[in-house]
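>>> Any chance you could fold what I've pasted below:
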Amino acid sequence: MKTFRNKQARPKKNKLILSPIAVLQALEQGESLDRIYISSSLSHTLFVQLKKAAGLATVPVQVVPNVKLDTFNAGVHDGCIALKSRITYQSLQEVIDWVVGAGRSPLFLMLDGITDVRNIGGIARTAYCTGVDAIIIPDKGVGALQEDAMLTSAGALEKIAICRVDSLFKAVDTLHLNGVQVYATQMKGGTSLKDANFVEPCCIILGSEDKGIYPALLKRADAAVYIPMRGDFDSLNVSVSTGIILFEAMNQRMAKK
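Now for the predicted structure:
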């Protein structure tokens, strides 16, 4: 397992922004960042400024001991290091407007509690191949989408829109306001995959393999869908489940054309 100190996991120096002032400037200029690491000993004034600016940009902030920042071995950091993103994160509303403006029926994925970046990479690869317009992820609880995720996605993460939001609940509200149905996936109960309507504008929520979708988020969904299976095995890998669901959605949409 990789750890914070694992040399292979250390980001390249050209992917880092060092010092609170430089990070604030990057945020003000709209540079896409994966996350910001702030020393727990940073001055209160700079801490508040960084938190506020990062919040407006939906960039995750992690408060760590100063010694953790030293392990990046990147030089003088003055208590703050930001990790540049390989991805330019998109506004959910702007993506919806663009898809509708192009005359298409939106198809989105929302990831809840899926923390393994390799799973996210595999999901993105399938999503891109099946016509998904965007993947919605939370700004917290997801690892930085760097080399491991990019390799697993075979470049798909740089081709499909990724919308990073500060609240999945608010994202569901935005989808509903735009006439997008939200389907939650679960092991049992609800509508069989074959009977679900993926032709109309919709978003499919995928939960983690161990905990599933957060109960409060599940309640916000318009309907639940499940994959029919033979036997009594507990579950499928989330990336495999995604493939099954999205190819069904793609087949329905292609059949209607």
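
>>> how does this protein divide into domains?
Domain assignment for the chain by automatic domain parsing gives 7-84, 92-256.

>>> mind putting those domains in TSV, mean neighbour count included?
Glycine gets a C-beta too; all of them are placed from N, C-alpha and C. Formatted as TSV, the domains of the chain follow (neighbours: other C-beta atoms under 10 Å):
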stretch	mean neighbour count
domain 7-84	16
domain 92-256	18
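
>>> Same list, these, but as TSV with mean pLDDT please.
Compiled in TSV, the domains of the chain are given as follows (pLDDT from 0 to 100):
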stretch	mean pLDDT
domain 7-84	89
domain 92-256	90
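
>>> quick one, phi/psi of residue 200?
Dihedral angles of residue 200 (phi, psi; degrees, to the nearest 10) stand at phi -70, psi 160.

>>> Return the residues in contact with it.
Contacts for residue 200 (C-beta atoms under 8 Å, 6 or more residues apart in numbering) come out as 105, 181.

>>> isn't residue 244 right up against residue 229?
No - using C-beta atoms under 8 Å, residue 244 is not in contact with residue 229; the gap is 9.8 Å.

>>> tell me, what's touching the two both at once?
By C-beta under 8 Å, 6+ apart, the residues touching both residue 244 and residue 229 are residue 236.

>>> Next, give phi and psi for residue 162.
Backbone geometry at residue 162, expressed as degrees, to the nearest 10, gives phi -120, psi 120.

>>> For it, name its beta-bridge partners.
residue 135 (DSSP bridges).

>>> wait, it sits on residue 89?
Yes - the pair residue 162 / residue 89 is scored as a contact, 5.6 Å apart, by C-beta under 8 Å.

>>> Centre of the chain to stretch 220-230, how far?
Centroid separation for stretch 220-230 versus its chain: 21 Å, with C-alpha atoms, centre = their mean, to the nearest Å.

>>> got the CA positions of that stretch in CSV?
Output of stretch 220-230 as CSV, limited to C-alpha atoms (Å, rounded to 0.1, in the frame of the first residue of the first chain):
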residue,chain,number,x,y,z
ARG,A,220,-32.9,12.6,-2.8
ALA,A,221,-33.0,10.3,-5.8
ASP,A,222,-36.1,9.9,-7.9
ALA,A,223,-35.8,6.2,-8.2
ALA,A,224,-33.5,3.2,-7.4
VAL,A,225,-32.2,0.7,-9.9
TYR,A,226,-30.5,-2.6,-9.5
ILE,A,227,-28.6,-5.1,-11.7
PRO,A,228,-30.4,-8.4,-11.9
MET,A,229,-28.1,-11.3,-11.0
ARG,A,230,-28.2,-15.0,-10.7
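
>>> Secondary structure element holding residue 184?
Here residue 184 sits within strand 181-185, counting by DSSP states H and E.
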